Structures are given as structure tokens and as C-alpha cells.
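*Asks:* need coordinates for the following:
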Amino acid sequence: MEIKCEDVKHLADLSNFSLPDKEIVALQNDLQDIIKYISQLDELDTKNVEPTYQVFEMENVWREDEILPQEADREALLALTKEEKDHQIKVPKVL
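*Replies:* Here you go, the predicted model:
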């Protein structure tokens with residue numbers, strides 16, 4: 001697979017990068033070398049190799065979803081806030 005200057009420019013546009021022409025040529029060569037290196041994997045015979053989906057023998061640990069009693073009540077927590085409105089904590093606008 002050959003990487004063209006247009007391909008690098010397209011990738012730069014998608015990534016919102018501005019690249020000078022000399023960097024485009026250098027990046028083109030680097031990408032070409034990377035693809036050439038990775039394409040060596042195509043030469044491997046994997047006909048009798050089972051795919052590896054999970055390298056560690058892990059499994060999900062599940063627990064019951066139960067509601068536990070809390071020490072603080074709503075009024076005690078609202079008393080700790082700087083400002084409240086309609087029984088809710090008032091915070092500064094983010095946007």
C-alpha cells in the first residue's frame with residue numbers, strides 16, 4: 001500500500017493539523033515505513049492458531065445491588081452547602 005501526499009493531507013485535515021509541505025513528505029515516509037513493518041504480519045501462517053480473545057483468565061465479579069442505610073439525611077447534607085434552592089444544592093453554571 002502506497003501512501004500519497006494527498007492521503008497525509010487528508011489525515012491532517014481530519015485531525016485538524018496544519019502541516020508544512022516538508023513535514024508532509026517526512027510523515028508520508030514514516031507512515032510508509034510503519035505500514036511496511038506491520039505488513040510483515042501478513043507473512044505469518046495462522047491457519048491452525050486459535051484466536052486470542054482474552055489473555056488473562058478474568059471474569060466479572062458480581063454483587064447484589066442492595067440499598068444500605070446511610071448515616072446522613074437530606075437536611076443534614078443540605079445544611080453543609082453554601083447555597084441551596086428548592087431542597088437542592090445550587091452550584092455555579094458550567095457553561
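*Asks:* so which residue is smack in the middle of this structure?
*Replies:* The centroid of the chain falls nearest to Ser15 when counting by C-alpha atoms, centre = their mean (15.2 Å).
*Asks:* that residue and Met58: what is the separation?
*Replies:* Ser15 sits 34 Å away from Met58, taking C-beta to C-beta, to the nearest Å as the criterion. All C-beta spots, glycine's among them, are computed from the backbone N, C-alpha and C.
*Asks:* just the pLDDT for Ile3.
*Replies:* On pLDDT, Ile3 comes in at 88.
*Asks:* residues near it, how many?
*Replies:* Ile3: 17 surrounding residues under other C-beta atoms under 10 Å.
*Asks:* go on, the one 5 residues further on?
*Replies:* Neighbour count of Val8, defined by other C-beta under 10 Å: 22.
*Asks:* do Cys5 as well
*Replies:* Neighbour count for Cys5, taken as other C-beta under 10 Å: 12.
*Asks:* that one contacts Asn29, doesn't it?
*Replies:* No - the criterion here is C-beta atoms under 8 Å, and Cys5 misses it with Asn29 at 10.9 Å.
*Asks:* which strand or helix spans the nearest residue to Ile89 once chain neighbours are set aside?
*Replies:* What sits nearest to Ile89 in space, not counting adjacent residues and going by C-beta to C-beta, 6 or more residues apart in numbering, is Thr81, at 4.8 Å. Under the criterion DSSP states H and E, no helix or strand holds Thr81.
*Asks:* thank you, goodbye.
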